[in-house]
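Engineer: Provide a 3D model corresponding to the input given below.
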Amino acid sequence: MRIIIVEDEKRSSRGLKNLLLSISEECEVVAEVSDGQKAFELILCLQPDVVFTDIKMPIMDGISMIKAVQARGGVKTRFVIISAYEEFELAKKAILCQVIDYLVKIELTPE
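Structural biologist: Predicted coordinates for the structure are as follows:
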């Protein structure tokens, strides 16, 4: 499975990449980018199977990026949103974009 990670927080991106690679040898992270505009261009070029994307990012947010990809047509990429925001309105927008899942990031603090 070819994956692109779209996340503007390096620590979150690195953690997600490590998690995905530990789950299955079939997972291949083909790109990591920090804004929706770069991700949009890479998605059209690389045609990944799945994109894990944050919602709020510089230049183009995740929802706008998903809509732009879907508007192009012919792209079979599926999307999973990862966000620190639990707002119902954002989840509702994600559902309308037919995302696979909406995952909420939690910050783990050492005890």
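Engineer: packing partners for the helix or strand bottoming out on mean pLDDT in the chain?
Structural biologist: Least confident helix or strand of the chain, by mean pLDDT, DSSP states H and E, is helix 88-96 with a mean of 80. The elements that helix 88-96 packs onto, with contact taken as 3 or more Cβ pairs under 8 Å, 6 or more residues apart in numbering; DSSP states H and E, are helix 62-72, strand 101-104. All C-beta spots, glycine's among them, are computed from the backbone N, C-alpha and C.
Engineer: can you give the distance of that helix from its chain's centre?
Structural biologist: Offset of helix 88-96 from its chain centre (Cα atoms, centre = their mean, to the nearest Å): 15 Å.
Engineer: got the buried residues for that helix?
Structural biologist: 90-91, 93-94 (16 or more other Cβ atoms under 10 Å).
Engineer: kindly report the same for stretch 71-79.
Structural biologist: So, applying 16+ other Cβ under 10 Å, buried residues of stretch 71-79: 77, 79.
Engineer: just stretch 14-23 next, same as before
Structural biologist: In stretch 14-23, the ones that count as buried by 16+ other Cβ under 10 Å are 16-17, 20.
Engineer: which among these gets closest to Ile81?
Structural biologist: In terms of Cβ to Cβ, no member of the buried residues of stretch 14-23 lies closer to Ile81 than Leu16, at 12.1 Å.
Engineer: redo the buried residues of helix 88-96 as JSON lines? Include distance to Arg11.
Structural biologist: As requested, the buried residues of helix 88-96 are exported to JSON lines (distance: Cβ to Cβ, whole Å):
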{"residue": "Leu90", "distance to Arg11": "21"}
{"residue": "Ala91", "distance to Arg11": "24"}
{"residue": "Lys93", "distance to Arg11": "25"}
{"residue": "Ala94", "distance to Arg11": "23"}
